[in-house]
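>>> Sequence first, then the predicted structure, then my questions.
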Amino acid sequence: MTVLSESERWRQKYFDQLAVTEQEETRLRQKVRTLQSLVDHIILASRGGDDVLDAELRQLSAVIRQDDADEGSLEALAQQLKQSARQFDLERCAGAERFIEAMAQLVDQLLVCDLPAEQLDALKALSHDIKKQSDNLRAYPELLAQYSELQGSAVRALARPAPVAAPRRGFFERIFGAGDDRAASKPERQTCPLGTETEPLAVAVKQQEAGAVVNLNRLTRELKRMLSELPLSEIGEQERDRLLSGLESCRDGDQLVNWLQALAEWVLGAFGQVKSEIGAFLETLSSRLREVDQMLDSNQRLQSRARDNNTELEAAMRRHVGEVQASLSGATDLQNLKHSINSSMTSILDSVAHFMVREAEREQDAVAEADQLRERLRELEADSRKLQQQVAESQRLANTDPLSGLPNRAAYDDRVVQEFQRWKRGDGPLSLAVFDLDKLKDINDRYGHLAGDKAIQLVARETAGMLGPEHFIARYGGEEFVILLPGSPVDAAMQRMERIRQHVAGLPFHFRGETLRVTASIGVCEFSGHTTITEVFERADQALYRAKRSGRNRIERAEDSVIAQNAG
Ligand SMILES: Nc1nc2c(ncn2[C@@H]2O[C@H](COP(=O)(O)OP(=O)(O)OP(=O)(O)O)[C@@H](O)[C@H]2O)c(=O)[nH]1
């Protein structure tokens, strides 16, 4: 074994150490390169996220590349980067929260639309996913894609002519509705934020653009119903029937537009006719009044004739009395005196006779005038009675629903104001019930519209029969009635309406040999506090739709602590 000298051992040790240092340096260079590449990747990945962070990372990359970078500036840069990264993270979290919130809102907006059940289920699942994935930024694009797909199918579903079931539907909605079965989802649905219900005509047009077919039968029915409520003369009725048969032969949108123009002209003409009828009546009235005025004039003339007669008689009397006095004072013998007094008396008698003749003539004229006046007054009275009857009949027709014979919505609008004012004066409680037949559409669809009509008539008659004289019932529209119960607090109103509900549910009615049944759902609300008519109606309506939602043939009260009574 070779024994190394001391200097050789030191030399060997130096070379060994040099090799270790070189290896260490190579490793360090490798690390720096990895670090540089890492920083470059980070810069690439985070570019655009935050300007400050981007700038600092670029600076870091540059510093790392410098061989003579001093540790102090590296340390300072690292501190700055730490802070910027923290800030960036906070902002990213806030942004993510905002994104999740916005997505949830978008989904909620679609959830209140009248969409098919499977779309609603998919939306609910998406809403759940959004909450679950809120920390997972990478899931966001996928969530957005899912939402976009669901929104597309929702828009397509809403553009179809299926009507949005809402508490009250407008004329055009009823007409343009396709009439499919949407009863099951009806209570929950609200006006869609996409605007399907806000402008019924615009919607109808949109639906037509989307290829929807206007349901002419439904249109005919609605127009027939509306037009049949108009109080018309016989000629007016003929014209209306002619128009309606024209409507039935409409086959497309153009024909429909032409028909609507004809209807508009007819309505304007009918108004013109009413106006000219009133004008003619006023003309007659004013000519009669002119006659009465002339008669009063001639009566005045008769009176002044009487005054003239009296004055003439008085003057004649004075003259004759003066003559008698003169004869008396100038009398010399009795014979002359007798003669002169006799002739004065004859003159007096002539004057009186003349006066009486003229008076008799005047009286005759006056009697004739009075007769004429009475006759004219009788005619005027008869005209005015006729007009009053016409006005009362028009008013009755205008306030009556022709199908059920009950007061209509216009009558309700008047009456509810009266009852509301009475209630506000403190004259006892007031409750309001909204009453809606269940599934009338099914009856219409299965047995025809006449069966539906019969159900409405029967329920109207029976319900009205179970109300007291102080109560008021009106057909509010379609299959919906509204009942005012003055003097009834909500409990009493609920009890009465529950009896009616049970009675209606137990009423079989016959149609073309079949026994049918109809039930009703009811919402009741009492006026209280500083409420308004609209508010009470809406609350009763909401209670009604709760009753519908809970299975129909039920009654619900409009209070926070809802007391629901199960059917039978
Ligand atoms: N026969 C007849 N049907 C009417 C009349 N007015 C409205 N309707 C019908 O009443 C039905 C109301 O339908 P929906 O609003 O879906 O209500 P529904 O079928 O009664 O069901 P729910 O109210 O949800 O229990 C529609 O088919 C209307 O055509 C009418 O005067 N006569």
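Received the coordinates, thanks.
>>> Can you name the residues that contact the closest residue to the ligand within the stretch 451-568 of the chain?
The minimum distance from the stretch 451-568 of the chain to the ligand, using C-beta to the nearest ligand atom, falls at G452 (2.4 Å). Every C-beta, even on glycine, is put in place using the N, C-alpha and C of the backbone. With contacts defined as C-beta atoms under 8 Å, 6 or more residues apart in numbering, G452 is in contact with L440, I443, N444, E479.
>>> mind putting the residues you listed in a markdown table, neighbour count, secondary structure and pLDDT included?
Output for these, formatted as a markdown table (neighbours: other C-beta atoms under 10 Å; DSSP: H, G, I helix; E, B strand; the rest coil; pLDDT from 0 to 100):
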| residue | neighbour count | secondary structure | pLDDT |
| --- | --- | --- | --- |
| L440 | 21 | helix | 95 |
| I443 | 23 | helix | 94 |
| N444 | 18 | helix | 93 |
| E479 | 21 | coil | 94 |
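>>> Which ones among these also lie next to the ligand?
When C-beta under 6 Å from any ligand atom is applied, the members of these adjacent to the ligand are L440, N444, E479.
>>> one step back: for the residue of the stretch 451-568 of the chain closest to the ligand, grab phi and psi.
phi -60, psi -40 (degrees, to the nearest 10).
>>> Tell me the spatial nearest neighbour of it, not counting adjacent residues.
Closest residue to G452 apart from its sequence neighbours, by C-beta to C-beta, 6 or more residues apart in numbering: N444 at 4.1 Å.
>>> The one you found is in contact with A451, isn't it?
Yes - here N444 reaches A451: they are 7.1 Å apart, a contact under C-beta atoms under 8 Å.
>>> just to revisit the earlier point, out of the contacts of G452, who's nearest R512?
I443 (12.2 Å; C-beta to C-beta).
>>> which residues touch that closest one?
A451, G452, A455, L516, V518.
>>> quick one: contacts for the last one?
Which is V518. Neighbours of V518 in contact, by C-beta under 8 Å, 6+ apart: L437, D438, L440, I443, A455, L458, V459, V504, L507, F509.
>>> quick one: contacts for the third one?
So the one you mean is L440. L440 makes contact with G452, A455, I456, G478, E479, V518, according to C-beta under 8 Å, 6+ apart.
>>> Determine which two of these are furthest apart.
G478 and V518 (13.8 Å).
>>> which stretch of helix or strand covers V482?
According to DSSP states H and E, V482 maps onto strand 480-486.
>>> So which residues on the stretch 301-450 of the chain come close to the ligand?
L403, D436, L437, D438, K439, L440, K441, N444, H449.
>>> rerun at 5 Å
Within the stretch 301-450 of the chain, the positions near the ligand by C-beta under 5 Å from any ligand atom are D438, K439, L440, K441, N444, H449.
>>> Same question for the chain.
So far as C-beta under 5 Å from any ligand atom goes, the chain lies against the ligand at A183, K186, D438, K439, L440, K441, N444, H449, G452, D453, G478, E479.
>>> Mind picking the two most distant members of the residues you listed?
K186 and D453 (21.3 Å).
>>> that older thread, could the ones next to the ligand among the contacts of G452 go into JSON lines alongside distance to A306?
Below are the ones next to the ligand among the contacts of G452 laid out as JSON lines (distance: C-beta to C-beta, whole Å):
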{"residue": "L440", "distance to A306": "77"}
{"residue": "N444", "distance to A306": "78"}
{"residue": "E479", "distance to A306": "73"}
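>>> Of those residues, just say which sits nearest to A558.
Nearest to A558 among the ones next to the ligand among the contacts of G452 is E479, at 20.0 Å by C-beta to C-beta.
>>> Would you mind listing the residues in contact with the closest one?
Going by C-beta under 8 Å, 6+ apart, E479 touches D436, L437, L440, G452, I456.
>>> ok, now with 10 Å
E479 makes contacts with 435-441, 443-444, 452, 455-456, 459, 518, 520, as judged by C-beta atoms under 10 Å, 6 or more residues apart in numbering.
>>> And it, its phi and psi?
According to degrees, to the nearest 10, E479 has phi -100, psi 20.
>>> So what's the residue count around R305?
By the criterion of other C-beta atoms under 10 Å, R305 has 16 neighbours.
>>> Tell me who's in contact with it.
R358, E359, E361, R362, D365, A366.
>>> Identify, from those, the entry nearest to T26.
After measuring these against T26 - C-beta to C-beta - the closest member comes out as A366, at 145.8 Å.
>>> what helix or strand does the closest one sit in?
Going by DSSP H and E, A366 is part of helix 334-399.
>>> Any idea what the residue of the stretch 251-400 of the chain found nearest the ligand is bridged to?
As assessed by C-beta to the nearest ligand atom, the ligand sits closest to T400 within the stretch 251-400 of the chain, at 14.2 Å. In this entry, T400 is beta-bridged to P407, by DSSP bridges.
>>> Tell me if I'm right that it and P407 touch.
Yes - contact criterion C-beta atoms under 10 Å: T400 and P407 qualify, at 6.4 Å.
>>> Kindly point out which residues are neighbours of both of these two.
By C-beta under 10 Å, 6+ apart, the residues touching both T400 and P407 are A474, R475.
>>> Tell me the helix or strand right after whichever strand or helix holds Q30.
In this assignment (DSSP H and E), Q30 forms part of helix 6-46. On the C-terminal side of helix 6-46, the closest following helix or strand by DSSP H and E is helix 51-65.
>>> taking the mean pLDDT, what do you get for the helix or strand just after that following helix?
Sequence order places helix 71-111 as the next helix or strand after helix 51-65, per DSSP H and E. Average pLDDT, helix 71-111: 76.
>>> same question, stretch 356-372
For stretch 356-372, mean pLDDT is 85.
>>> Report the backbone C-alpha coordinates of it in PDB.
Presented in PDB, the C-alpha positions along stretch 356-372 are these (Å, rounded to 0.1, in the frame of the first residue of the first chain):
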ATOM      1  CA  MET A 356    -167.600  88.200 -18.600                       C
ATOM      2  CA  VAL A 357    -167.500  87.300 -22.300                       C
ATOM      3  CA  ARG A 358    -163.900  88.100 -22.600                       C
ATOM      4  CA  GLU A 359    -163.100  86.300 -19.300                       C
ATOM      5  CA  ALA A 360    -165.000  83.300 -20.500                       C
ATOM      6  CA  GLU A 361    -163.000  83.300 -23.800                       C
ATOM      7  CA  ARG A 362    -159.800  83.700 -21.800                       C
ATOM      8  CA  GLU A 363    -160.700  80.900 -19.500                       C
ATOM      9  CA  GLN A 364    -161.500  78.700 -22.400                       C
ATOM     10  CA  ASP A 365    -158.200  79.400 -24.000                       C
ATOM     11  CA  ALA A 366    -156.500  78.800 -20.600                       C
ATOM     12  CA  VAL A 367    -158.200  75.400 -20.200                       C
ATOM     13  CA  ALA A 368    -157.200  74.500 -23.700                       C
ATOM     14  CA  GLU A 369    -153.700  75.500 -23.100                       C
ATOM     15  CA  ALA A 370    -153.600  73.700 -19.700                       C
ATOM     16  CA  ASP A 371    -154.900  70.500 -21.400                       C
ATOM     17  CA  GLN A 372    -152.300  70.800 -24.100                       C
END
